[in-house]
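Student: prediction below, plus the sequence it came from.
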Amino acid sequence: MTSDTLIATNYVKQLARALPELDLRRVEDWGAQLAELGSDGRRLLVAGNGGSAAQAQHLTAELVGRFQMERPPISALSLHAETSSVTAISNDYGYEEVFARQVRAHAGPGDIVLLMSGSGRSPNLLRAVEAAREVGAVTWALTGPAPNPLATLVDEAVTVTAEAVSTVQECHLVAIHLMCAAMDAVVAARDDATKAGASRTDATEDTAGSAPAVQPSSDPSPEPVGEGEPATAHGDRTHLVVVGDAFLDRDHVGRVERVASDEPALVVTGGTTHLRPGGAALAAVLSARQGHPVTLVTALGQDTVGDQLRALLDEARVEVVDLGLDGSTAVKTRIRAVGRTLMMLDEHNVCPPVGREGDAALAEARRVLMAADGVLVSDYGRGVAAHAGMRAVLAEAARRAPLVWDPHPRGAVPVAHTAVVTPNSREARLIASRAGDTLSDDIEAARLVGREWGPVQVALTRHEHGAVLLADADLPPLVIPTTAAPGGKADPCGAGDFFAGHLTTMLARGRLPSAAVASAVEAASAYVAAGGPRSLDRLHGDGSPTTGRPGAGPAAPKRGAIELANAVRARGGTVVAAGGCFDLLHAGHVQLLEQARRLGDCLIVCLNSDDSLSRLKGPSRPIVPAEQRALVLEALASVDAVQVFDEDTPEEVIRALQPEIWVKGGDYSGMELPEDKLVSSLGGRTVLVPFVDGWSTSSLIESARML
């Protein structure tokens, strides 16, 4: 074989490895959505740099012209192609704004903005996502390997796992043609349906006045959900597969009325014993109770405990694939009284070998995993996730559906292509060999876990404090506080399983990791607040809370910002600060500030002055003067003080306040923040909190102008 032939062969092999990993279902769905653009007045805007710009123009040419069939043209613009605008914007505003300004000019609510990038890190594309959100447009991205900032930031992304940028671009071209083919298929089917409808109308007119051959039923039956399939809550057919170690949880709940006379020990008397699935089995049951099909792949013993566990899973309508256990099924017993766990007994602590049922069970596990919409590995360190055959199947499944790995310090390393790992604070510190229990300690532990197991996103759960999502070890984390306060007798058992299951479901439905984690925190908070595993009937089918979200009260009467920061710091508290214009305060601002306040002992808002805001946003701003903006902010229970600054950035105020935590909205995710280095140099940390989609001051102003 000549060297030229070898180069060509390797080149084709790289492409052959990358193409099967394309998310074909999402690409086809995009094509179907493009087919609707021509009929409802919406448009597509596409942008990219270099080779991606050429591919963007290829796509718009196919839409405005045709792909394989005649059809009405579809409105589509390549944002790099109009050279006068590109050069004018670049010259006057900088190249980072070249696409964002065009998005603001041409896009509106419901339009689609598709951004193409080999790296997923181009600042001008990240700015374009911000602009699209402001005007209410939908954002898509075609990028290279995940995770990357652009894929994290947009509403939907298709990523290509390949080392060479050329291979990424070739896969993007295939995706473009697949979109066009799917679009043509939808248009053709729509045309056929229209023609068929016209034919039926003609036939009806021809037979008008004649009696129908069959009289319609006066009590028509509803259409069946599906052959052999039960109807589920909200009609949700998201199929979740849980893989991991199952055991039986036994709760003995009694009374404490005295202390033992011979030992300093509480005496528990009377009470009742409750049995329920534990470990991966609890994760499966909790997910099934949210109203969609769940299959559990686990290993059970041929014993009484195993039979009890099978019966509980059957009652919960969880399908079981049993790999088989060469030993006894584990039992964990909690002794509870006065609303808390006093002691836990772990029986059968020795982990027997997994895989008694052999290759047939493993083949059945592969069948259900290949059909799954989402996969949760609930690893309790007892051997299922470490089984060699099971790991090979999981690695294959992770390439075609989102896979979430809930780890254990004694468990297995996540397989390649895992989407998100979900350690709790203690597990992350053990995995990363790091001590400390502050927010900063948890963030650093998440970074170390991400580097150890990467590339993977880390959603570290912080018990009653919410979660931290780290998409990239070199970027600020997204911090999501809890949204429901547990009552005095709340039982947190299973909260981590509930969180991981809900997160997997949200990812399977196409939610971005940031939105999925925020939803999972809210659902898990409500689960705990409502009483833990005994409260499932009091949760909505989608896991949404039935309890209200408490507001964060002020730390002290309003006073000067710097004075307040010094006082809070002097008593050992945490100073939180956030910056922004807050011109026309809206619901997104309110929620951001509420979440920021939960991160510390006071919240100080750094507010752009009128001159500062005008230089930033243009001569038509502000709408509301700084004095009034400050007054409205200070009226919020979540805000303890406001400090107005005249500079272009809040750096001088940050130096004076020296906050331990500097907060930005999650819409900055994937971008370097100018304040981050300064905050770090002062000993603080920059974090992100979830941003409420659909709200922006710019879109409110534009809507008002149209009235």
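Tutor: Arrived safely, thanks for sending.
Student: any idea what the nearest residue to Glu319 once chain neighbours are set aside is bridged to?
Tutor: Closest residue in space to Glu319, ignoring its immediate chain neighbours: Thr295 at 4.4 Å, by CB to CB, 6 or more residues apart in numbering. All C-beta spots, glycine's among them, are computed from the backbone N, C-alpha and C. In this entry, Thr295 is beta-bridged to Val241, Glu319, by DSSP bridges.
Student: hang on, Thr295 packs against Val243?
Tutor: No. Using CB atoms under 8 Å, Thr295 is not in contact with Val243, being 9.2 Å away.
Student: more neighbours: which of the two?
Tutor: Val243 (31 against 23; other CB atoms under 10 Å).
Student: please report how far the nearest residue to the more buried one once chain neighbours are set aside lies from Ser681.
Tutor: Nearest non-adjacent residue to Val243, counting by CB to CB, 6+ apart: Val297, 4.5 Å away. According to CB to CB, to the nearest Å, Val297 and Ser681 sit 49 Å apart.
Student: tell me which of those two has more neighbours.
Tutor: The neighbour comparison of Val297 against Ser681 (other CB under 10 Å) goes to Val297, with 30 against 10.
Student: that one - that's part of a helix, no?
Tutor: No. Val297 sits outside any helix when classified using DSSP: H, G, I helix; E, B strand; the rest coil, being strand.
Student: output the below-cut-off pLDDT ranges for the stretch 551-700 of the chain.
Tutor: 551-559, 666-672, 691-700 (pLDDT under 70).
Student: wait, Thr298 sits on Phe247?
Tutor: No. Using CB under 8 Å, Thr298 makes no contact with Phe247, being 9.4 Å away.
Student: shared neighbours of the two, anything?
Tutor: Common contact partners of Thr298 and Phe247 (CB atoms under 8 Å, 6 or more residues apart in numbering): Ala281.
Student: which one of these two is surrounded by more residues?
Tutor: Thr298 (29 against 26).
Student: so what's Asp442 closest to, chain neighbours aside?
Tutor: Ser425 (5.2 Å).
Student: how near is the one you found to Ser166?
Tutor: Per CB to CB, Ser425 is found 43 Å from Ser166.
Student: out of those two, which sits in the busier spot?
Tutor: Ser425 (22 against 14).
Student: pLDDT score for the more buried one?
Tutor: If you check Ser425, the pLDDT there is 92.
Student: what separation is there between it and Trp662?
Tutor: Counting by CB to CB, the gap from Ser425 to Trp662 is 22 Å.
Student: same thing with Gly339?
Tutor: For Gly339, the distance to Trp662 - CB to CB - is 38 Å.
Student: so between these two, which is more surrounded?
Tutor: Comparing Gly339 with Trp662 by other CB under 10 Å, the one with more neighbours is Trp662, at 27 against 11.
Student: contact partners for the more buried one?
Tutor: Trp662 neighbours (CB under 8 Å, 6+ apart): 576-579, 654, 675-676, 679, 684-687.
Student: adding secondary structure, write these out as TSV.
Tutor: Output for the contacts of Trp662, formatted as TSV (three-state DSSP):
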residue	secondary structure
Val576	strand
Ala577	strand
Ala578	strand
Gly579	strand
Ile654	helix
Glu675	coil
Asp676	helix
Val679	helix
Gly684	coil
Arg685	strand
Thr686	strand
Val687	strand
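Student: okay then, goodbye and thanks.
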